[in-house]
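**Q** This is a predicted model, with the sequence first.
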Amino acid sequence: MSATSPYREPAPDVIVVGAGVNGCSIAWRLAEAGRRVLLLERRGICAGASGRNGGITGAGSAMHAASRAGAVVFALTTANFALMQQLPDELGGNFGLSITGALDIITTEQQLAHLETATAAERAAGIDVELLDAAATREIAPALTPEIIGATYTRERGGLWPFALVSDMADAAARAGATIRVGARVERLARTGDRITGVVVDGETISAGEVVLATNAWTPELLPEMPAGALVPTRGQILVTQPVPSLIPCPFGTNFDKEYGRQAVSGQVICGGFRRLDVDEGLGTYREEVTPPVLAGIAGCLTDLFPALRERARVVRAWAGIMGFTADGLPLIGRYEPAPGLTLAAGFNGSGFSWGPIVGTVIARLLTGQDTGFDLEPLRPARFLEGGVSWDNPFTAGEKNNPRAHQTEAVTT
Ligand SMILES: Cc1cc2nc3c(=O)[nH]c(=O)nc-3n(C[C@H](O)[C@H](O)[C@H](O)COP(=O)(O)OP(=O)(O)OC[C@H]3O[C@@H](n4cnc5c(N)ncnc54)[C@H](O)[C@@H]3O)c2cc1C
């Protein structure tokens, strides 16, 4: 890969911090728009959550459906989904995008009641989703246990190979003229009064007119004035089986989307979830470590749903990654008004691949003085400074979910 090159003069117009799906997308689109871009990453490209996820993407969400926030979630994720399908041509690479639709599998009456309501809200918001009974669900996925009650099937969803997409975007950024420095840890923002004037890396101040933090879970480290609980590091874990014959035709979720998985083109089954069995439900930690109770939960879920895997599947790999969960479940996208010169694209909760490509376009428009084309008000990064933080993250609904009660551990990476 040709994405790393030493930082050179002249000084950048924009410094982007963090080379995950969002940072690489932003750096690419800004470089394409003619800005001198410096992308700084403390580890490697895709080393954060972007290289440790389930690779499921899609448009829309029932979570905020009937609200101004719901409208922008729908608009941005729908635009992202359309853009995602153009990217193989635009990037000249194959990142394994496969639009198959996705199932949200129902195994309890409680899930059925929830999904009846959620499906109605999603349909009203324009999402192409339908509620299926058990027989119709098993027509789509015959390997599912007959014990299921049914599922919702959402057409505009699918899977992809995250590492390939992010690497391709980093390469495209470099081709468009961006300089990418890996192993470059931003220690802090450089400030003159309230204004952000650059960043400090290894004691060296690098100046720029604009700084974009695409640091997701790690954003509070660089912006300590963010109120506690606004953006909380949250650990997710995944296991991967050896390749098995084709069994799972499309990505699936279950139990309020707390468990999820898919079968990759290689035949390997990827499955995650069960944060509720993690220490403090995975909230408040930066440790990228797997924990046996979570992996046991995931394995049990997989074999309960797809009994054939009991005989066939051996787990070959497991990993953990750190997401950035926000108090209201919405990302932080836009200029950070209290500190002119600073823009945020962070807090993508459990669905950054439904946002990353379009976020690059949006931030590039914002920083080149164009209309973004979207109502970003509900995603304003400084919103938690105003009314304090009330934890209402739908991704953790129903769990013991007051992250402010948890002490965030020291960073280990
Ligand atoms: C187990 C798991 C499963 C998931 N499943 C899915 C899924 O199926 N579909 C989906 O859409 N999403 C999923 N997600 C969420 C998704 O991975 C994230 O929302 C997305 O990757 C966020 O991308 P990002 O670029 O904002 O952040 P990241 O990929 O986390 O990138 C942030 C980068 O910033 C760098 N950084 C941080 N601080 C500094 C600093 N001071 N200096 C320099 N660099 C710094 C980090 O090293 C990191 O590389 C999952 C996440 C996990 C952990």
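**A** Sure thing, it's come through.

**Q** Quick check: residues of the stretch 251-400 of the chain near the ligand?
**A** Contact residues (Cβ under 6 Å from any ligand atom) of the stretch 251-400 of the chain with the ligand: 272, 321, 323, 348, 350-354. Heads up, the C-betas are built off the backbone N, CA and C, glycines and all.

**Q** what would those look like in TSV with secondary structure, neighbour count and pLDDT?
**A** Listed next are these as TSV, based on DSSP: H, G, I helix; E, B strand; the rest coil; neighbours: other Cβ atoms under 10 Å; pLDDT from 0 to 100:
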residue	secondary structure	neighbour count	pLDDT
272	strand	27	97
321	strand	20	98
323	strand	24	97
348	coil	28	96
350	coil	24	93
351	coil	23	94
352	helix	25	97
353	helix	25	97
354	helix	25	96
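
**Q** for residue 340, helix, strand, or coil?
**A** coil (DSSP: H, G, I helix; E, B strand; the rest coil).

**Q** From here on, call the first residue 9.
**A** New numbering, starting at 9: the last item is residue 348.

**Q** Report the contact partners of the residue nearest to the spatial centre of the chain.
**A** In the chain, the centroid-proximal residue (Cα atoms, centre = their mean) is residue 360; its distance is 2.0 Å. Counting by Cβ atoms under 8 Å, 6 or more residues apart in numbering, residue 360 touches 28-30, 57-58, 61, 224, 331.

**Q** Apply 10 Å and report the result again.
**A** With contacts defined as Cβ atoms under 10 Å, 6 or more residues apart in numbering, residue 360 is in contact with 28-30, 56-58, 61, 65, 170, 224, 331-332, 339, 353-354, 367.

**Q** before we move on, what about residue 311?
**A** 153, 279, 317-321.

**Q** how far out from the middle of the chain is the helix or strand hosting it?
**A** Taking DSSP states H and E as the definition, residue 311 sits inside helix 300-313. Remark: helix 300-313 is offset 22 Å from the chain centroid, using Cα atoms, centre = their mean, to the nearest Å.

**Q** now it: mean pLDDT?
**A** Average pLDDT, helix 300-313: 96.

**Q** Can you give me the buried ones in it?
**A** For helix 300-313, the neighbour count (16 or more other Cβ atoms under 10 Å) marks 302-303, 305-307, 309-313 as buried.

**Q** Name every strand pairing with the strand or helix carrying residue 140 and say which way it goes.
**A** If you go by DSSP H and E, residue 140 is part of strand 137-141. Neighbouring strands of strand 137-141 in its sheet, by DSSP bridges, are strand 158-162 (antiparallel).

**Q** Can the helix or strand just after the partner strand be said to contact the ligand?
**A** Later in the chain than strand 158-162, the nearest helix or strand by DSSP H and E is strand 165-167. No: residues of strand 165-167 are not located near the ligand by Cβ under 6 Å from any ligand atom, the shortest gap being 8.0 Å.

**Q** Show me what strand 165-167 is in contact with.
**A** Applying Cβ under 10 Å, 6+ apart, the contact partners of strand 165-167 are 62-68, 89, 92-93, 104-112, 135-137, 258-261, 269-273, 278, 361-362.

**Q** For the following helix or strand past it, name the packing helices and strands.
**A** Once strand 165-167 ends, the next helix or strand along the chain (criterion: DSSP H and E) is helix 170-183. Under the contact criterion of 3 or more Cβ pairs under 10 Å, 6 or more residues apart in numbering; DSSP states H and E, helix 170-183 touches helix 29-40, strand 45-49, strand 64-66, helix 76-99, strand 187-190, helix 364-375.

**Q** Return the member of the buried residues of helix 300-313 nearest to residue 209.
**A** residue 302 (34.8 Å; Cβ to Cβ).

**Q** hang on, that closest one packs against residue 266?
**A** No: in this structure residue 302 lies outside contact range of residue 266 using Cβ atoms under 10 Å: 11.4 Å.
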